[in-house]
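Peer 1: Mind looking at a prediction? Sequence and model below.
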Amino acid sequence: MTTRIYVIGHRNPDTDSIASPIAYAHLKNVTEPGAEHIPVRLGPPNRETRFVLDYFRVEAPMLLENVYTQVKDLMFDEATNVSLDTSMRSAWELMAQTGFKSLSVVDGRGKLVGIVTLGDIAEAYLASSGSFLRGKVPVRNIVGALDGDLVVEAKPEFRGVVEVTSHGGVGIGEYGGSRLGAQAGSGNGVLLIVGRGYIGPEVLETPGLEVIVLTQEAPVFPELLGEARRRGITVIRTPHGIYETTRRVSQSEPVSHIMTSADIVSFSLEEQVDDIKETMLRYKYRYFPVLDDEGRPVGKIARRHVIDYTGKNVILVDHNEKSQSVEGIEQARIVEIIDHHRVGSIETGEPIVFINRPLGSTATIVDELYCQRGVEPPRPIAGLMLAAILSDTLAFKSPTCTPEDVRAARRLGQIAGVDLEEFASGMFSAGTSLEGKSEAEIFFGDFKESRIRNLRVGVSQVNTYHTDVASLRKRLKEFMEHLQADRGYDLLLLMLTDIIGEGSELLVMGNQPEIVERAFGVSLKDEPLFLPGVISRKKQVLPRIIRAINTM
Ligand SMILES: [Mn+2]
């Protein structure tokens, strides 16, 4: 099984958070083909990103709901399955070979129908009374258990009692010589084990006789075989002596006669490991079968598999805060972080690659990694990275933009064969169009939530290029009031940003709105609250909020 590593951007993905995972997963797959790097997204692409994906004809990455550990993530043991008519002896041999003391019993379609354990076999064997009355036994099981040859083939199955004759017809089986065949009738046959010195074809007269087993000591008379064939009686020849033969015959019973088939505890591949832990503790079984969606056992799971497992492998791209990452991240194993945001709340259990650089976009960092490793991105991927840089830096206008971003964008623009300005204006027009959008779509289109010293802070940013700001303000204000009542933020902000770079209008809500007064030296009574020159949430808004909170 190749290791899967999910490359994940943040929630409410923007163009960088879709493009950089795609680009980084591609680079990793080229340079580290040992693992499978899968780009994923945590939400629907916004309008701008959809424009970009369509423009370069790239499919959106797969949506990932959560990274909770599932049964299929565990390195569980291979299945050891046997069919319903497998003999106790073969089952026991498989247990000895594999070291597993329980086996899954499957029907003709491979579905789980029972469990047979070493204990079941031992109990059945010790309690065996020299009869097969629990059900029919396939004759080939008997042949197999005896290492025998099928000399005369007749009925394929046997049900009834086992008798032994030796030394001139003295019966030593359960029912004694004089009562040989006494159990016959009532649908039960007789299987006769023949030892040294028996008296010839007259054994064929035993009432109810269906199977004759000739042991090592028994002479074979040709007329016996001929007569047996004529009467439809099976004859098996075994190299074993009479004692060994008697012992082995009872091991030919199929596991279907002794298996447990009610209330089997099994798990499906999709189940979350958290949900199965309790069940595993409640039932003290050593192993539990793992079933595929057709109910076929594909493996088996023990407690140690759960204990050993470290979680789904993830690379976080364009974020490093739990609150912005995928659900279940606390169960995952973070193997790398590639980001350009403030360092937040994530802890790892081991050292990891953590590249965090104050550049305009994660795509710029990814581009540098391409250059370092001597890989040229294919045209569509170069196009996506270019779009991410232009999007994050507002076409180089944002104060977050660095010379590295500009250099990377020019390089990528050449590979992608697009004109930067023309492409940027097409992309922003597609992205800022609010037509037909609900308030929630507008507000959550670019929304980031952080925990800052235990305060819940959410900041949304909306670009107001070509938009009627007054009506937008009114719609979103009402929406924010509902959201605040619902979720109780300590601080909930909306930046209505003029993309040309003049600044942002701020809408403020939350339990502690006065943080904004201290952060920006403004009064909340001013409405609208306009911050000239402020267009970057990351560089101009969040740092001041954090400072204001930290000096409270
Ligand atoms: Mn970014």
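Peer 2: Looks like it came in fine. Numbering: from 1, shown residues only.

Peer 1: what residues are up against residue 550?
Peer 2: Counting by Cβ atoms under 8 Å, 6 or more residues apart in numbering, residue 550 touches 452-453. In this view, the C-beta of every residue, glycine as well, is placed from N, C-alpha and C.

Peer 1: Look up how far residue 323 lies from the nearest residue to residue 74 once chain neighbours are set aside.
Peer 2: In space, and not counting its chain neighbours, residue 74 is closest to residue 305: 4.7 Å by Cβ to Cβ, 6 or more residues apart in numbering. To residue 323, residue 305 is 31 Å away according to Cβ to Cβ, to the nearest Å.

Peer 1: Give me the mean pLDDT for stretch 46-62.
Peer 2: In this model, stretch 46-62 has a mean pLDDT of 96.

Peer 1: Which residues does it contact?
Peer 2: 13-15, 18-19, 21-22, 38-41, 45, 379-381, 383-384, 387, 391, 416, 423, 426-428, 430-433, 445-446.

Peer 1: repeat for stretch 143-152
Peer 2: 87, 89-90, 139-140, 142, 213-214, 220, 225, 228-229, 233-240, 245, 248-249, 251-252.

Peer 1: again, 7 Å this time
Peer 2: 87, 89-90, 213, 225, 228-229, 233-240, 245, 248-249, 251-252 (Cβ atoms under 7 Å, 6 or more residues apart in numbering).

Peer 1: same check, this time on stretch 344-356
Peer 2: Against stretch 344-356 from outside (Cβ under 7 Å, 6+ apart): 320-322, 334-340, 343, 365, 450-451.

Peer 1: Repeat that for stretch 396-414.
Peer 2: With Cβ under 7 Å, 6+ apart as the criterion, stretch 396-414 contacts 359-361, 364, 367, 382, 385-386, 389-390, 393, 420, 501, 535-536, 538-540.

Peer 1: Quick check: buried residues in it?
Peer 2: By 16 or more other Cβ atoms under 10 Å, the buried positions in stretch 396-414 come out as 396, 398-402, 404-406, 408-409, 411-413.

Peer 1: Next: stretch 21-41.
Peer 2: Neighbour-count burial for stretch 21-41 [16+ other Cβ under 10 Å]: 21-29, 36-41.

Peer 1: do it and the ion meet?
Peer 2: No. Stretch 21-41 stays clear of the ion (Cβ under 5 Å from the ion), getting no nearer than 11.1 Å.

Peer 1: Endpoint to endpoint, that stretch covers what distance?
Peer 2: Start-to-end span of stretch 21-41 (Cα to Cα, to the nearest Å) is 8 Å.

Peer 1: Show residues contacting the host helix or strand of residue 382.
Peer 2: Counting by DSSP states H and E, the element that carries residue 382 is helix 379-392. If you take Cβ under 7 Å, 6+ apart as the criterion, helix 379-392 is touched by 14-16, 19-20, 22-23, 26, 48, 52, 55-58, 360-361, 363-364, 366-367, 377, 405, 408-409, 412-413, 415-418, 424, 427.

Peer 1: State the next helix or strand along the chain beyond it.
Peer 2: helix 403-416.

Peer 1: Report the inter-axis angle for whichever helix or strand comes after that following helix versus helix 403-416.
Peer 2: Using DSSP H and E, the helix or strand that follows helix 403-416 in sequence is helix 420-432. Orientation of helix 420-432 against helix 403-416 (axes from the mean of the first three to the mean of the last three Cα atoms, to 10 degrees) gives an angle of 100 degrees.

Peer 1: And helix 420-432, what does it pack against?
Peer 2: helix 47-55, helix 379-392 (3 or more Cβ pairs under 7 Å, 6 or more residues apart in numbering; DSSP states H and E).

Peer 1: Can you say which of these is packed in most?
Peer 2: Most buried of the helices and strands packed on helix 420-432, by mean neighbour count (mean count of other Cβ atoms under 10 Å): helix 379-392, with a mean of 27.

Peer 1: what does the stretch 251-400 of the chain have sitting close to the ion?
Peer 2: Residues of the stretch 251-400 of the chain found near the ion (Cβ under 5 Å from the ion) are 318, 362, 392.

Peer 1: residue contacts, the second one?
Peer 2: Read it as residue 362. 16, 20, 317-318, 338-340.

Peer 1: Closest one of the residues of the stretch 251-400 of the chain next to the ion to residue 294?
Peer 2: Distance to residue 294 across these (Cβ to Cβ) is lowest for residue 318, with 39.1 Å.

Peer 1: so the closest one touches residue 18, yeah?
Peer 2: No. In this structure, residue 318 is not within contact of residue 18 by Cβ atoms under 7 Å, at 9.2 Å.

Peer 1: and for those two, which residues touch both?
Peer 2: Joint contacts of residue 318 and residue 18 (Cβ under 7 Å, 6+ apart) are residue 9.

Peer 1: How much space separates the residue lying closest to residue 386 once chain neighbours are set aside from the ion?
Peer 2: Closest residue to residue 386 apart from its sequence neighbours, by Cβ to Cβ, 6+ apart: residue 412 at 4.0 Å. According to Cβ to the ion, to the nearest Å, residue 412 and the ion sit 15 Å apart.

Peer 1: And for residue 159?
Peer 2: 74 Å.

Peer 1: Need the three-state assignment for that residue.
Peer 2: Under the three-state scheme (DSSP: H, G, I helix; E, B strand; the rest coil), residue 159 adopts strand.

Peer 1: Kindly report the same for the one 5 residues further on.
Peer 2: At residue 164 the chain is in strand, as set by three-state DSSP.

Peer 1: wouldn't it be in contact with residue 193 here?
Peer 2: Yes. Using Cβ under 7 Å as the test, residue 164 is close enough to residue 193 to be in contact (4.6 Å).

Peer 1: Next, count neighbours for residue 313.
Peer 2: 21 (other Cβ atoms under 10 Å).

Peer 1: Report the buried members of the contacts of stretch 396-414.
Peer 2: Members of the contacts of stretch 396-414 classed as buried by 16+ other Cβ under 10 Å are 359-361, 364, 367, 382, 385-386, 389-390, 393, 420, 535-536, 538-540.

Peer 1: Smallest gap between the stretch 401-550 of the chain and the ion, at which residue?
Peer 2: Relative to the ion, the nearest point of the stretch 401-550 of the chain is residue 538 (8.2 Å; Cβ to the ion).

Peer 1: how deep is the closest residue to residue 272 other than its chain neighbours tucked in, by neighbour count?
Peer 2: Closest residue to residue 272 apart from its sequence neighbours, by Cβ to Cβ, 6+ apart: residue 68 at 4.8 Å. Applying other Cβ under 10 Å, we find 20 residues neighbouring residue 68.
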